[in-house]
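Student: predicted model follows, preceded by the sequence.
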Amino acid sequence: TLLIVTIISYVAAILVFKVNFIDVIMDGARASQKQVMAFFEKTGELPKGFEEQLEASITLTEISFPSTFIIFTFILAFVFVSLNLLIVRRLGNDVKSFPPFRDMKLPLITVWYYLVVMLWGLFSEMKIGTTSFLIYTNASVVLRFMFFLQGVSFINYSLKEMKLPKWAIVILTLFAFPLYPITVLLGVLDTGL
């Protein structure tokens, strides 16, 4: 419901206010790109291929907006449900809370989805701007996010089984973020095994 309402709000903002938030964000990113390029050109230290890499990262960001939108809506829905459960509990109603995060378990089918998406990316010709590339990029971003959460959950479960104090669990969990690819791999292995 939240995803549908957010999409309707986005379309309404375009139709009524003539404002496309994605275009505004991308225009800001491209303006920043020009400033960065001007700065490096003034200093004479423009790395070789830097402009192409910067443009590719901006294009990839623009292409992955649908998946970012879905992930953001998922997080927002989780926050709303958590706040509502807290309010209902304060009103004296007996409400089940979410199970501990460390007990999270994605269904095995998500591993197969991920495998299909990765094989599709390997064996099909992907050109930036095509529908195939758009679907592949967004599907892989969403699936990697899901497996990242599963990996963090596995880390929490393992550290809890080692009976480490909570502060140590929090600090060690924070290392999952800079080690994103390894955490995603842990999530895939945890789900598959």
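Tutor: Yes, it's here.

Student: burial of residue 140, as a residue count?
Tutor: Burial of residue 140 is recorded as 17 neighbouring residues (other C-beta atoms under 10 Å). C-beta coordinates here come from the backbone N, C-alpha and C atoms, glycine included.

Student: correct me if wrong: it contacts residue 118.
Tutor: Yes - using C-beta atoms under 8 Å, residue 140 makes contact with residue 118 at a distance of 7.4 Å.

Student: need the residues that contact stretch 172-186.
Tutor: Around stretch 172-186, the neighbours that count as contacts under C-beta atoms under 8 Å, 6 or more residues apart in numbering are 144, 147, 148, 150, 151, 152, 154, 155, 156, 159, 164.

Student: quick one, grab the pLDDT at the fifth one.
Tutor: Read that as residue 151. pLDDT, the model's per-residue confidence, is 94 for residue 151.

Student: same check, this time on the third one
Tutor: pLDDT, residue 148: 96.

Student: so who does it touch?
Tutor: Contacts of residue 148 were listed using C-beta under 8 Å, 6+ apart, and they are 176, 180, 183, 184, 187.

Student: okay, buried residues for the helix or strand containing it please.
Tutor: Taking DSSP states H and E as the criterion, residue 148 maps to helix 131-161. Neighbour-count burial for helix 131-161, with 16 or more other C-beta atoms under 10 Å as criterion, is recorded at 133-134, 136-157, 159.
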